[in-house]
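Engineer: please work out how this folds:
(3 chains)
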Amino acid sequence: MRLPDSVRHAWAIAAKDLLVEFRSRTGILSAGVFVVLVLMVFNFGRDPTAVSNIVLAPSILWVTFTFAAILALNRAFQLELENQALDGLLLAPIERGSIYLGKLVANLLFVASVEVLGVPLVALFFNVEVWAHIGTLAGIIVLATIGFVSIGTLFSAMTVRTRFAELLLPVVLLPFMILPLMWATLATTSVFADRPLNEIAGWLKMLAGYDIVFVVVSLLLFPATVNE
Amino acid sequence: MRLLRAGRWITGIALVLLAGVYVRALAYTPVERAQGLAQKIFYLHVPAAIWAEGAMILVGVASIVYLFLKDPRLDRFAHASAEVGTVFAVLMLTTGPIWGKPIWGTWWTWDARLTLALFLFLLYVGYLLLRGAVADPASRARFAAVLGICGMILVPFVHLSVYMFRTLHPMPIVLKPSEPSLPGSMLTTWLMSVGVFTLLYVGFVIQRYALSYLNEQLEAAGGIP
Amino acid sequence: MQVPEAVPQNGGYMVAAYIVVAVVILGYALSLYLRTRRSLRP
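Structural biologist: Numbers count the residues shown, from 1 in each chain, chains lettered A, B, ... in the order given. Now for the predicted structure:
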């Protein structure tokens, strides 16, 4: 049974991006180094008697992931800037939606790899119990990441050719990141503090709702960012 | 330009009426017992809030219709509404804390209206910055429309989120800033103020729209001074 | 204006807010006027 064309096309685009990334490895390495650096700095800067780890760790975790996401997003369409590759992509007989989904998947995987590195480091540096709740934590991380990467992919298509692209993207994206970030941090704090699952049910529902709405909206609006 | 003249007249009348609201609110409306004189900030803060949010919704609606019809008038209107909305958001962000300090004892709190004010302000600033950064007019209109629509969709999430946050983290409120169930005289003042702010919104938007139109003509003729 | 005795004395905040609002609104009205005038001149 063959997958529908749009899905195959989307996967082809995602694979292309990931292949380029894997060959050069600059993006993932710089993001990885950044995560380690930030965590170390926060670790040295804190006063254990003043603020407990359980209070601090979630915020630091999420700030780090957010920066990593922005790094990924800034690079998302830069690949296409050279040699008018974007025009080539648009001339190909594929739906605009496939381009968006392909980019989205590539960005998600990029950010996910950074997160996979970050979680054990946070557990290590901040001495928080992660493994026992790894399922819930993974769920929160997946939901929140989809939240800002979905909108971020849409916006990066618009900002990539502006003059201060790397500055404009975070500014424009900020209000859309605050909510998932807030819900994720609250939920993560709850998880580290060993609270029962039903307490975070509300935040998870908000995250899920947000994801569904904004993935759909981004998919619908993406053609407007690339059509002439 | 007829439109500009209309806009200026409406704004002029609104400003005069605003002075009237000032006089009425300050001198002819009873003082609220629990909150004192500071409560009167309510007559400015809430109407500003209504239009800060209203302007964003209109930006969103105009943006959606623009993407279907591609009519530049809709884009001009969206731009105007966004700029005027920013002004109202600034009013919220300034009067909010000034009201909050004597009532809650703190300049900032994550209550419904202040949080929304901050989000609206950030959305507006992003919208205006994006418009400023895109050189090609057609792309600019499309991109702005995309951002405007996303902004409009974000607003209900902010409301929901604040509501949830409040039910889980009840905040120690000493006095609740007064909302409906206002006695007659206060209600009248409030309604007058809402009317004046509506007129201000309309007047400002018309003028800003006219300005956009003028600038487009200049750009087409060859260079803005 | 009659101010009952038991009411908190926070009139200063009210004055500040009313002044800020007037300044912002008049400032924006002026900004619109000046920008439009500049665009009408040539």
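
Engineer: now B:Glu32: phi and psi?
Structural biologist: phi -80, psi 130 (degrees, to the nearest 10).

Engineer: I'd guessed it sits against B:Tyr43; true?
Structural biologist: No. Applying Cβ atoms under 8 Å, one finds B:Glu32 not in contact with B:Tyr43, separated by 10.9 Å. C-beta coordinates here come from the backbone N, C-alpha and C atoms, glycine included.

Engineer: neighbour count for these two, which is higher?
Structural biologist: The neighbour count for B:Glu32 versus B:Tyr43, taken as other Cβ atoms under 10 Å in any protein chain shown, is higher for B:Tyr43 (26 against 19).

Engineer: quick one, what contacts that one?
Structural biologist: By Cβ atoms under 8 Å, 6 or more residues apart in numbering or on different chains, the contact list for B:Tyr43 reads B:Val21, B:Ala25, B:Thr29, B:Thr189, B:Trp190, B:Ser193.

Engineer: so can I have JSON lines of those showing distance to A:Pro196, secondary structure and pLDDT?
Structural biologist: Shown next, in JSON lines, are the contacts of B:Tyr43 (distance: Cβ to Cβ, whole Å; DSSP: H, G, I helix; E, B strand; the rest coil; pLDDT from 0 to 100):
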{"residue": "B:Val21", "distance to A:Pro196": "52", "secondary structure": "helix", "pLDDT": "93"}
{"residue": "B:Ala25", "distance to A:Pro196": "50", "secondary structure": "helix", "pLDDT": "89"}
{"residue": "B:Thr29", "distance to A:Pro196": "50", "secondary structure": "coil", "pLDDT": "83"}
{"residue": "B:Thr189", "distance to A:Pro196": "49", "secondary structure": "helix", "pLDDT": "90"}
{"residue": "B:Trp190", "distance to A:Pro196": "45", "secondary structure": "helix", "pLDDT": "90"}
{"residue": "B:Ser193", "distance to A:Pro196": "47", "secondary structure": "helix", "pLDDT": "94"}
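
Engineer: let's see if you can find the most crowded of those residues.
Structural biologist: B:Ser193 (25 neighbours).

Engineer: give me the distance between that residue and A:Thr225.
Structural biologist: Applying Cβ to Cβ, to the nearest Å, the value for B:Ser193 to A:Thr225 is 40 Å.

Engineer: ok, A:Leu154 next?
Structural biologist: 7 Å.

Engineer: higher neighbour count, those two?
Structural biologist: Higher neighbour count among A:Leu154 and A:Thr225: A:Leu154, with 28 against 22, using other Cβ under 10 Å.

Engineer: the more buried one and A:Leu221 touch, don't they?
Structural biologist: Yes. If you go by Cβ under 8 Å, A:Leu154 and A:Leu221 touch, sitting 6.2 Å apart.

Engineer: pLDDT weak spots in chain A?
Structural biologist: A:1-2, A:48, A:82-84, A:228 (pLDDT under 70).

Engineer: max-length helix in it?
Structural biologist: helix A:96-126 (DSSP state H).

Engineer: for the residue in chain A that chain C sits nearest to, what are its contacts?
Structural biologist: Going by Cβ to the nearest Cβ, chain C is nearest to A:Pro175 of chain A, at 21.7 Å. A:Pro175 sits next to B:Phe119, B:Leu122, B:Leu123, B:Gly126, B:Gly151, B:Leu154 when contact means Cβ under 8 Å, 6+ apart.

Engineer: buried ones in whatever helix or strand B:Val16 lives in?
Structural biologist: Element membership for B:Val16 (DSSP states H and E) is helix B:2-27. Using 16 or more other Cβ atoms under 10 Å in any protein chain shown as the test for burial, helix B:2-27 gives B:4, B:7-8, B:10-11, B:14-15, B:17-18, B:21-22, B:24-26.

Engineer: kind regards, and thank you for your time.
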